[in-house]
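1. Structure for this input, please:
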Amino acid sequence: MASLTSTLMLSSSSSQCSFKRINASLQLPELPKDHFTAVKTQTRKMVQGLNYLKVVDRFTNTTPVIEKNNVATTSKNDKLSYNESSSTSTITAQFYAILEAVVDRVEMHRNLGEQRDNWNSLLLNSINMITLTASTMAGVAAATTVGAGIPLLAFKLSSTLLFSAATGMLLVMNKIQPSQLVEEQRNAARLFRQLQGQIQTTLALRSPTEQDVKDTMEKVLALDKAFPLPLIGVMLEKFPETFEPAVWWPQNQIQRSRNKSSTTSRDEKNGWSEELEAEMREIVEVVKEKDREDYERLGNLLLKINKSLAIAGPLLTGIAAVSSPFVGNGSWATVVAVTAGALASAVNAFEHGGQVGMVIEMYRNSAGFFKLMEDSIEATLEESDVARRENGELFRMKVALELGRSFPQLKDIAAKSASSRLDGTAIDEFASKLF
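-> I've put the predicted structure just below:
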């Protein structure tokens, strides 16, 4: 300020010089302004640097925690994924183990079927040859002179022993019914092959679940119970009081709900309609009133015939064995022995050569097939939620194939059944064209 005052006092002579000096003097205060600006800029940079260090420090302290959490989450997810994969692999391995057992069952039943078929033919031929030989000896003994002595005794003794052996063998053969055993093994092998196909289809379409393993195990055990392999202790009764259809499926599985279709929405009918449900109900009535009833009637008839034949064969050979020691020239015992032996051969040939036991088993399995179809359709229709049923069109196709009919034929038989029910008459047509 002092320099500014002295400068103003001395510059009265020339205004131009004074103006320049004033300008020069006025430029002096700008130096401190630059100085303060520089200081302010440096201070700002220092603050920014301190803030940056704090952020870096915070990031440094936080990053390990984030990485640790990420690693823990990833490890947990990997562990869950590994456990799920391990569980799925275990279930699939169990399903393959069941498949191997089923394939082995098929081979076992096939081999036993061949063996028991050989039993039937060999026992039939052997018993008939023994019976006819014994009858021939009895006739020869009767033709031998009374004074023959030892030759006559030999014929009588041989005839008696042969008739006795035939009686014992017939008792065993009629008890086990080899032809019926053969049919049991055939049906068991067929049903196990069917189960094998179902398992392979499941493996081809999707990964099996724990419920699949449980259901398949129950099916295997039910088949083992329905068609046992041993003869002693667990053999099926060949002469029951009443004819009953074969049952080779788990009863609790029929009552379970059908698997829910994953592609079915709430607005869809899952292939079902009121018309299809009515058609299936009529099919059930026809199967129950015509097909299954007819096979049960024929089965009961053949069961009675087989019982009579099983008793008549050993009874005739037994009578012949008792009469053989008394055969002689002009003796009634000769007529009885020879006639009883011939009749026994005829009865044995009709019973086992005609394989009456096999026919009974065929009827028993056919009746069981219709009972299974009846139970399956009724269990499906009893499920009120159509989304939990098997797809209606697929179910209809299976029923049509099992009955050997096309869709129009299936619809036609259902219409005939409904018309017959309204008229109060019995339908004159069977549901199945296969059996």
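2. Give me the contacts around stretch 93-110.
-> Contact with stretch 93-110 is made by 185-186, 188-189, 192-193, 195-196, 199-200, 202-203, 208, 212-213, 216-217, 220, 223-224, 227, 229, as judged by Cβ atoms under 8 Å, 6 or more residues apart in numbering. Just so you know, the C-beta spots here come from the backbone N, C-alpha and C atoms, and that holds for glycine as well.
3. Sitting in strands, which of those do you find?
-> Among the contacts of stretch 93-110, no member falls in strands (DSSP state E).
4. Select only the buried ones of these in PyMOL?
-> The buried residues among the contacts of stretch 93-110 can be selected in PyMOL (16 or more other Cβ atoms under 10 Å) with this line:
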select buried, resi 185+186+188+189+192+193+195+196+199+202+208+212+213+216+220+223+227
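5. Phe243 in helix, strand or coil?
-> What DSSP: H, G, I helix; E, B strand; the rest coil gives for Phe243 is coil.
6. need the contact list for it.
-> Contacts of Phe243 by Cβ under 8 Å, 6+ apart are Glu296, Gly299, Asn300, Leu303, Ile360, Tyr363, Arg364, Ala367.
7. Okay, it and Ser432: tell me how far apart.
-> For Phe243, the distance to Ser432 equals 19 Å [Cβ to Cβ, to the nearest Å].
8. Repeat that for Ile199.
-> Ile199 sits 27 Å away from Ser432, taking Cβ to Cβ as the criterion.
9. before we move on, back to that, filter the contacts of Phe243 to the buried ones?
-> Buried members of the contacts of Phe243, counted by 16+ other Cβ under 10 Å: Glu296, Gly299, Leu303, Ile360, Tyr363, Arg364, Ala367.
10. I'd guessed the fifth one sits against Leu298; true?
-> Yes. With the criterion set as Cβ atoms under 8 Å, Tyr363 and Leu298 qualify as a contacting pair; they are 5.5 Å apart.
11. now the contacts of Phe243 in CSV, with secondary structure?
-> Listed next are the contacts of Phe243 as CSV, based on three-state DSSP:
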residue, secondary structure
Glu296, helix
Gly299, helix
Asn300, helix
Leu303, helix
Ile360, helix
Tyr363, helix
Arg364, helix
Ala367, helix
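12. Can you lay out the residues you listed as JSON lines showing distance to Val140 and pLDDT?
-> Supplementary listing: those in JSON lines, determined by distance: Cβ to Cβ, whole Å; pLDDT from 0 to 100:
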{"residue": "Glu296", "distance to Val140": "49", "pLDDT": "93"}
{"residue": "Gly299", "distance to Val140": "44", "pLDDT": "94"}
{"residue": "Asn300", "distance to Val140": "44", "pLDDT": "95"}
{"residue": "Leu303", "distance to Val140": "40", "pLDDT": "95"}
{"residue": "Ile360", "distance to Val140": "39", "pLDDT": "95"}
{"residue": "Tyr363", "distance to Val140": "44", "pLDDT": "95"}
{"residue": "Arg364", "distance to Val140": "45", "pLDDT": "94"}
{"residue": "Ala367", "distance to Val140": "49", "pLDDT": "94"}
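13. Closest one of those residues to Ser419?
-> Closest approach between those and Ser419, by Cβ to Cβ: Glu296, at 25.2 Å.
14. That closest one: what's it in contact with?
-> By Cβ under 8 Å, 6+ apart, the contact set of Glu296 is Phe243, Pro245, Tyr363, Ala367.
15. Look up how far Gly197 lies from the third one.
-> Going back to what we said before, that points to Tyr363. Taking Cβ to Cβ, one finds Tyr363 at 25 Å from Gly197.
16. And for the second one?
-> As judged by Cβ to Cβ, Pro245 and Gly197 stand 23 Å apart.
17. which one of the two has more residues nearby?
-> Neighbours were counted for Pro245 and for Gly197 using other Cβ atoms under 10 Å; Pro245 has more, 18 against 11.
18. tell me the contacts of that one?
-> So Pro245 contacts Arg292, Tyr295, Glu296, Arg364, Asn365, Ala367, Gly368, Phe370, Lys371 (Cβ under 8 Å, 6+ apart).
19. Backbone dihedrals for it, please?
-> Pro245 has phi and psi values of phi -60, psi 150 when expressed as degrees, to the nearest 10.
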